[in-house]
Structure formats: C-alpha cells, structure tokens
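S.K.: pasting the sequence and the predicted model now:
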Number of protein chains: 2
Amino acid sequence: MMDAVLQYLADGEPEFIDALRSFVAIPSVSTDPARAGDVRRAVEFVAARLARAGDIQVEICETARHPAVYGCWDGAPGAPTVLVYGHADVQPPDPLDQWHSPPFELTERDGRWYGRGVSDDKASMLIPILVTEAFFATGSTPPVNLRFLFEAEEEVGSPNLPVLVRERADDLAADVVVSADGAMWRPEAPCVTVSGRGLVSLEFTVKGPARDLHSGRHGGGVANPLHAAAALVASLHDGGRVAVEGFHDDVRPIDPGVLAALERLRFDEQGYLTGVGAPAFGEPGFGTLARQWYRPTLEVNGLYGGYQGPGGKTVLPRDAHVKLTCRLVPDQRPADVHAKVRAHIGRHCPEGVTVTVEEGHGGAPPYRIAPDHPALRAAAETLAEVFGVPADFVGMGGTVPVADTFRDVLGLDTVFFSFSTADEDIHAPNEFYRPERFRLGLEAWARLLVRLARGVRAL
Amino acid sequence: MMDAVLQYLADGEPEFIDALRSFVAIPSVSTDPARAGDVRRAVEFVAARLARAGDIQVEICETARHPAVYGCWDGAPGAPTVLVYGHADVQPPDPLDQWHSPPFELTERDGRWYGRGVSDDKASMLIPILVTEAFFATGSTPPVNLRFLFEAEEEVGSPNLPVLVRERADDLAADVVVSADGAMWRPEAPCVTVSGRGLVSLEFTVKGPARDLHSGRHGGGVANPLHAAAALVASLHDGGRVAVEGFHDDVRPIDPGVLAALERLRFDEQGYLTGVGAPAFGEPGFGTLARQWYRPTLEVNGLYGGYQGPGGKTVLPRDAHVKLTCRLVPDQRPADVHAKVRAHIGRHCPEGVTVTVEEGHGGAPPYRIAPDHPALRAAAETLAEVFGVPADFVGMGGTVPVADTFRDVLGLDTVFFSFSTADEDIHAPNEFYRPERFRLGLEAWARLLVRLARGVRAL
C-alpha cells in the first residue's frame, strides 16, 4: 500500500505544484477587509481540493468573519481519529517594493519557491490533503479516521476558532491533533516540538503633571514620568531574571527528558549570537536555548514618552507608556501572571506619579506535550525514517494559541508536523519554501498516518 | 525733568500703541526662512524708531543670518554706561486655528493686548526706546550713556549674538546690561531675578541586537535595550536627587540673602501644584521653589524605543534612545557636568548592551547676580516705587544664555527689567500683554535710568 501511495505522490508532483500555484495566487490576506472575497476563495479552493481527495464530508463553516473548512472521514473503524489543522489565510505582502518577484505568483528561483503564504501555511497545509487523496486514489483508504479543520483567520489571531471548535466539538472529537502549521526550527535537521511558551500582555501608563511642562521652569519640583517609568521597568528584572514577586511560583522545572534532548542538540550558539549581533545574556544558570524555550520571560516591547524628534526639547512630559509581554512556561497561568505583574507595578510605583494598567491584548497558556507521547514519538520516528537522521526535540520560544484551543475545548494534544522552516521569511518580503521539503512532507505525512494507526493516546 | 518725561510718556501713549501695532504687524518669525525679509523689516523698524528717539548713532549689523540693531549715545560724560538688550524676532504663530484674533494684528480684548510677540519681546523692548525718546523730546538728555543691542535671532537660540558681541566688544563696552527681555515671574508682584539655571544637554542610544527581534523566539536569551535604558535612567536619580557621581561637587550653597528672600515670598505652593496637576516631589530638604530655582536637576526629556502603535507587537527592539538635559547652578560648569553624566552612563551601562553618547545641543553656564549688586538694587527700588509694593527677589528655573554672553565676552552683569509676565502665553496661541504693564514699564525705565546714573558697579 505504502509503495503505491508514495508512487502516486511522486507522479503527482507537477499537478500538486500547479495546485499550489493556484492556491498562492489567491491573495487571502485575512487582515485586509478588501480581501475578504479572496479569503473566501481560498477557503473554497481548499474545500474543493479536499472534496476531490476522496469520500470526505466537506463543509464550509461560516464564522463571524472568515469561513473555515471542516472535513470528516470515518472509514477506519477501530482506528484512531486524527484532527488535521492548518490555515488558508496569509499575511499582507507589504512592503511590496522589496519583493523580487510578484508575491502572489509562485516563482521558482535558486531552488526555492517564492510567494506570500507559501511557507505560512499554504504548501504545508496542502500536504495532508494530497496525502489523503493518494490513499483514496491508490485503491486503499486512509489508515486512520480523519477530521480536517482549516481556518482562515490565523494571521489575525484566530478570533473565531475557539467559537467554532466549541460549536462543533462533537464533530471534531478525535484522539490527537496534527498541525500542518508551526514551522520546524531550522533546515539542517528535522525536529518535533515539545513546548511553546504562553503569552500575557499588558500596557501601563505613568502619569505625572496634567500637561507637558517646561523642564527648566518646573524641573526639580515635579516628578518626571519618564524617570518613574524607567524605575518601574528597572524593577521588573534583577539581572537577567524576572523580579516580579511570585512570577516563578508555578514554574515547573524543565523535564529531564527535554533537558537531555536539549543537551544532545548540535546548536551553534556562537553562530546564533553572531547572527543576531548580541552577546549571550539572560537568566543565570541556563543556556541560550533553555532561556528562549523553557524559561519564562518578561520583555518590554515598547517604552516611550516625551520628545523624540531631532535635537532637543526641554519638556517634562505629562506621561510615559510601557507595553510588555510575558512568555510563560508550565504551569504558569496567564491570568495569574497578569495579576502578579499588575500588582508589582502598583506596589513599585514611584512617588509623585500615578500608574494606570490597561488591559492586555490576547493571552495564552503555555503549550506542552510529553516527550514520550505516542503521537509525538510517531512523528519523531517518521521524521528519522524520512530524513535519515534522528529528529531533534525542541522547544518554541513563541506562542501557539491554537494548541490551547484544542487542549481546552477538545481535551486534545497537538503534534506539530509542518514542513515549513522558521527561516523562510514568513511575514516578510520574499517568503519562500523549500521544494525538497514539499516532497519529504508528502512522504512523511503518509508514513505518519500509518504509524498513528497503531495508537495515539498517551498511556 | 522726571515730571516732563513722565508727562511725555503719558501723552504719547496713543502713538506708542500705534507703533507697537506696526511692530506686531511684522511677522518676524526668525526660525522660518520664508520670513527672513520680515525679520529684516522688524530690525529696520527698530532702527528707525531708535534713530528717531534722539541723537543716537544707529547701525544695522549684519550677521550670518538675521541682522541686529546697534545704538550708541555718549552724551552723559562721567555717568555710567548702560547696555540695553532686547529682541525683535518672534516665535511661529502655529497652531493658527487656536488664535482668537489674527496673530499679527494687535487686538485689545478684555483689557489685554493679544498678538504674536507682543509679550516676547516687542512691547517690552519698545519701552526703553520710547523712554530714551522722552528724555530727548523733553529738552533733557538721558541720565546715563547708552548702548543698544537688539537682536533678531533670540527665538532660534541667538547663534550669532556671541559672534557679534565679540566683534563689537569695544563698541558695546558698558557698566551693566539691562535686559528688556526675561519676563517677571508672576503678575501679582514685581520682582527682580537673581539667578537662572545653566543648561547641559546630552543624548544616548542603548544598542542591543543588530536588528529588531521577535520577543517570543529570542526573548530571554538576548539583552533587551529597553530594560537596559530603563536601568540606566533609573540609575541617574536616587529619589528626587540626582545620583550622577560628582554631580553636586561644585554646587554652591544657596546664598543666605537669596534664601531669606525666598522665605519672604508669598508663594501659594498648593495653588501652583494644583495648577500643574502634580504633587510636590523632588530633592529632600528643599521646597518647591528652591528645587526649581536654586538646585540643579537632571531631567529626561525623551525616552523611547520599540513599538508605540495601537495594540501590541512582540518585538525585542534593537535600540532605545534617551534625551536629557541638566539645569545647573553656581558653580557647576557645563563641560564638567557633561563629562560626569557621560562617565556615569558608561560606568552604569548594563550587561549585554552597548551605549553610545551623542553630543548635546547647546549648553550654558548658570546665571547669577549678587542680590546686593547696585544695579539690581536700583531695579528693585524702582519697582517698589512704581508698583507701590516691594519687589520680590526670585530665581529662574530656565536658562538665559544672553546673560552668559555678556558676562563671558564683556565681563558685564545683566539685570532683567522686563514688563512681560511669565503667564502671558509666550510661544503659545493667544500670546498677550498687559496694557497697565506697558504704562508701568515706561515710568519704571525712566526712573531706573535716573537711579543707575548714581552708579552701577558692584563695590
């Protein structure tokens, strides 16, 4: 069976690339209201391709904004059910003048495919559809029961995904989620992701006088909100460690298996630091990757107040603004961390000013999957087989809110199984994809479904 | 003699107001290259009026930008020589839509004269010219020898004044400078100014990674320049006191006479704080006015880096910027304070980032005149006589670089004798002047010149 499926996938490549070209040609920019029709076209394209793949029940689900595609096939009685996730929407192509080829024309150049959304997530999300098609087309059927959920709001924060998943929870019931989104860490070696950090965001304003004052006339007798904001921000860290009271209370020590995997990684730390142009810096007792993957952070993303133009202006400004985000690790909870940061800010507010904490934007708990989870092991073994080298176990510094939705609403773990790579200039001009990853991905998804048929639930 | 002079000044008022109206009608905005011709017209207007005042040698002096007016009269052998200073240029009238009457039309409304530059400094600088005219017109001559220097670059920082004063040092030799610029503190009581704070400005940039990084992916393993800038700024103060090493080394204790005068002031501190909308805050051991007039400060005027738009952006920015100014008191020297702040910043630069200090903009030593200086005493006695209440002795939180030029190049003390008041919305829409101050100013300048004839040099 597998031979025939792999042969179908190899033979079909020219047509698959045509399909990808058509998919990339639809400018499904979900953040742009003028592109709502294109987003819908992309969703319809996905639904049509999925319906064509085989005997699958396909439905376009309306939401408050952009529709999603739902698919269901239940022809493998006794086998596990796998929920496949991906997204059909893309980031805006701006700045347009920095593209070397039109963003919505799939262009092969120097062994890469260029186009907006080709890496995030159109090529990678097409793969499981084509693999499903291959099973049906070669006279067999997929080895597991399947659910598909392709949304079109991922690039705007998936606002309606939790609503939809909750509404259709029964239809989405499965044993595990496999996400076609969520790029691999680096192109040199395959990897599976064991964690993503959670997110809490918060803004505050330090308020001083009722209006901007002349710093000559008034300075020295009235507190300067910039000084106070600086003192507040400085109080949030002690060296490289977050100094917010209670911030680390619920931080679970790094899993020994994860730590062992981290130590086995061939990571060129010096090369990384040279690339970002900064020395190593952070929480004492941890290396760079541990700091970025497995330890919590508090980063100020914006700090501003007073005069910013050329030259000087002798102003004592009325206020100062701070925007910050925390990245969380198990078992920190967003609401709890938010409350602790807020309390810290209130407690450390310097004399002579007041501070107002605004509500944050979004928030997500950390994502984690046990390194010995059967579905994760299946993914790792599949990658080792296809790539011919063992898969690394890696963490993710960023946040994957969809995994939280599936955990929260459906009680499911998510395995990330994307063939995009983090260096493919997603969200930037000249986004690209590696054609060889497309081929490897087709094979890997076919082999993974077979492996998952043996059982996916953690023991 | 004085009676006739005062009568002339009273009788001449309608014509003087016409002159002021013509003067205000010239939009002598020195910062606007398109107004260079208007600035010259204002200078020519002043020169013409001064020439008409009497037997005065008047000259228009070219500089690298806007011309100045020089005047000389030496008909009082044996009497002191007084150098009168003022300026004919004005601030831009923007924002125009906030004016209740056209900015370049002198408009009387509710007992005030409105117009751009009427308070800063056209009405006040016209007064000594009209007083000189009154002496000549009434058959006497001024009681002191006179030098006049009216520049037209004050609102752009007087860049060519030091050059001109140096070139014409012999022609400007005098016993004291009396400035028609430099508003009184408040309208309730007359005052003389015994000090102004010096200025040092400095900018620095805290540099982290080579480019903006994603704070999820990289955060925790790379130093954040915003944290470092905040720590640096926080290190500059300890409570309300400047914490820069050596900053206070050369600070002279407040003069006992000045301190006594300060304690005699009827200052509504609570009313002031309510007005600015802030609680009292500053260096321990000093009251609000002492902090603002007689103690040095370091104020951050701008602090910025990272994302400032709506919502959030998970960025770890490449750099952060800080603009600051210090106000200096005797005997602090700008270059020395600049070096100390720069050294402090270098010494306190946090780990993981670098800091680059840019050169500052301008700089001026503190201004001071002894409270028992004969010319200052003459000014105070004149004000007491004219206003019918004693004159307060006050400090100035801001900086008066012209006094430094006269001290530095000519070795002269400057007495501020302006009839503008600090609340007259100078540099703002609806700048105004108080007509009664114009009348009081004419009388006061006449009486001051007589008083100064008795001797102006410090003993």
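M.R.: Sure thing, it's come through.
S.K.: pick out the residue of the stretch 51-200 of chain A closest to chain B.
M.R.: Chain B sits closest to A:Arg197 of the stretch 51-200 of chain A, with a gap of 6.6 Å, by C-beta to the nearest C-beta. Glycine gets a C-beta too; all of them are placed from N, C-alpha and C.
S.K.: what number of residues lie near A:Arg333?
M.R.: Residues within reach of A:Arg333, counting by other C-beta atoms under 10 Å in any protein chain shown, total 16.
S.K.: just to check, it is in contact with A:Phe247?
M.R.: No: taking contacts as C-beta atoms under 8 Å, A:Arg333 lies outside contact range of A:Phe247: 11.9 Å.
S.K.: check contacts around the closest residue in space to the residue of the stretch 51-200 of chain A closest to chain B that isn't next to it in sequence.
M.R.: Closest residue to A:Arg197 apart from its sequence neighbours, by C-beta to C-beta, 6 or more residues apart in numbering or on different chains: A:Arg327 at 3.7 Å. Shown in contact with A:Arg327 (C-beta atoms under 8 Å, 6 or more residues apart in numbering or on different chains): A:197-199, A:296-297, A:299, A:397-399, B:215-216, B:219-220.
S.K.: in three-state terms, label A:Arg327 for me.
M.R.: Per DSSP: H, G, I helix; E, B strand; the rest coil, the secondary structure class of A:Arg327 is strand.
S.K.: check A:Leu146 too.
M.R.: strand.
S.K.: contact partners for it?
M.R.: A:Ile56, A:Gly71, A:Cys72, A:Trp73, A:Thr81, A:Val82, A:Leu83, A:Val84, A:Thr132.
S.K.: adding pLDDT, neighbour count and distance to A:Ala123, write those residues out as a markdown table.
M.R.: As requested, the contacts of A:Leu146 are exported to a markdown table (pLDDT from 0 to 100; neighbours: other C-beta atoms under 10 Å in any protein chain shown; distance: C-beta to C-beta, whole Å):
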| residue | pLDDT | neighbour count | distance to A:Ala123 |
| --- | --- | --- | --- |
| A:Ile56 | 98 | 23 | 21 |
| A:Gly71 | 98 | 23 | 19 |
| A:Cys72 | 98 | 16 | 24 |
| A:Trp73 | 98 | 23 | 22 |
| A:Thr81 | 97 | 20 | 25 |
| A:Val82 | 98 | 27 | 20 |
| A:Leu83 | 98 | 24 | 20 |
| A:Val84 | 98 | 25 | 15 |
| A:Thr132 | 98 | 25 | 16 |
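S.K.: can you flag which of those belong to strands?
M.R.: A:Gly71, A:Cys72, A:Trp73, A:Thr81, A:Val82, A:Leu83, A:Val84 (DSSP state E).
S.K.: tally up the residues packed near A:His237, please.
M.R.: 22.
S.K.: please apply the same query to the one 4 residues further on.
M.R.: Here the neighbour count serves as a burial measure; for A:Arg241 (other C-beta under 10 Å) it reads 18.
S.K.: that one: what's its closest spatial neighbour, skipping adjacent residues?
M.R.: A:Glu283 (4.8 Å).
S.K.: contacting residues for the one you found?
M.R.: So, once contact is read as C-beta under 8 Å, 6+ apart, A:Glu283 ends up touching A:Gly239, A:Gly240, A:Arg241, A:Val242, A:Arg291, A:Arg295, B:Gly220.
S.K.: repeat that for A:Thr63.
M.R.: Counted by C-beta under 8 Å, 6+ apart, A:Thr63 has contacts A:Glu153, A:Asn160, A:Val163, A:Leu164.
S.K.: again with A:Glu133
M.R.: A:Arg52, A:Ala53, A:Gly54 are the contacts of A:Glu133 under C-beta under 8 Å, 6+ apart.
S.K.: now swap in A:Pro95 and tell me
M.R.: Here A:Pro95 is in contact with A:Pro429 (C-beta under 8 Å, 6+ apart).
S.K.: parallel or antiparallel, which strands does the helix or strand harbouring A:Ile60 pair with?
M.R.: Assigned by DSSP states H and E, A:Ile60 belongs to strand A:57-61. Under the criterion DSSP bridges, strand A:57-61 sits next to strand A:68-73 (antiparallel) in its sheet.
S.K.: three-state assignment of the residue nearest to A:Arg241?
M.R.: A:Glu283 ends up coil, using three-state DSSP.
S.K.: same question for A:Val222.
M.R.: A:Val222 - assigned by three-state DSSP - is coil.
S.K.: which residues does it contact?
M.R.: A:Gly208, A:Pro209, A:Leu213, A:Leu316, A:Gly352, B:Val276, B:Ala278, B:Phe281, B:Gly282.
S.K.: quick one: the closest residue to A:Pro190 other than its chain neighbours from chain B, how far?
M.R.: In this structure, A:Pro190 finds its nearest non-sequential neighbour in A:Leu383, 3.8 Å apart by C-beta to C-beta, 6+ apart. When distance is defined by C-beta to the nearest C-beta, to the nearest Å, A:Leu383 is 21 Å away from chain B.
S.K.: residues near the closest residue to A:Gly455 other than its chain neighbours, how many?
M.R.: Nearest non-adjacent residue to A:Gly455, counting by C-beta to C-beta, 6+ apart: A:Pro374, 5.8 Å away. As a burial measure, A:Pro374 scores 21 neighbours (other C-beta under 10 Å).
S.K.: please tell me how far A:Pro374 sits from A:Leu448.
M.R.: 12 Å (C-beta to C-beta, to the nearest Å).
S.K.: kindly report the same for A:Asp331.
M.R.: 29 Å.
S.K.: who has more neighbours, those two?
M.R.: A:Leu448 (27 against 13).
S.K.: and that one, that's in a helix?
M.R.: Yes: applying three-state DSSP, one finds A:Leu448 inside a helix.
S.K.: look at it and report its pLDDT.
M.R.: pLDDT recorded at A:Leu448 is 98.
S.K.: ok, it - contacts?
M.R.: A:Val178, A:Ala378, A:Ala379, A:Thr382, A:Phe417.
S.K.: and these, which is closest to chain B?
M.R.: Among those, and counting by C-beta to the nearest C-beta, the member closest to chain B is A:Phe417, at 19.7 Å.
S.K.: which phi and psi does the closest one have?
M.R.: Main-chain dihedrals, A:Phe417, degrees, to the nearest 10: phi -140, psi 70.
S.K.: what are the ranges of the strands in the stretch 101-250 of chain A?
M.R.: Using DSSP state E, counting those that start in this stretch, the strands of the stretch 101-250 of chain A run over residues A:107-109, A:112-114, A:145-151, A:176-179, A:191-196, A:198-207, A:213-214, A:237-238, A:241-242.
S.K.: I'd like the distance between A:Ser320 and B:Leu303.
M.R.: Quick fix: residue A:320 is Ala, not Ser. 7 Å.
S.K.: find the residues that touch each one of the two.
M.R.: With C-beta under 8 Å, 6+ apart as the test, A:Ala320 and B:Leu303 both reach A:Leu226, A:Ala229, A:Leu303, A:Tyr304, A:Gly305, A:Gly306.
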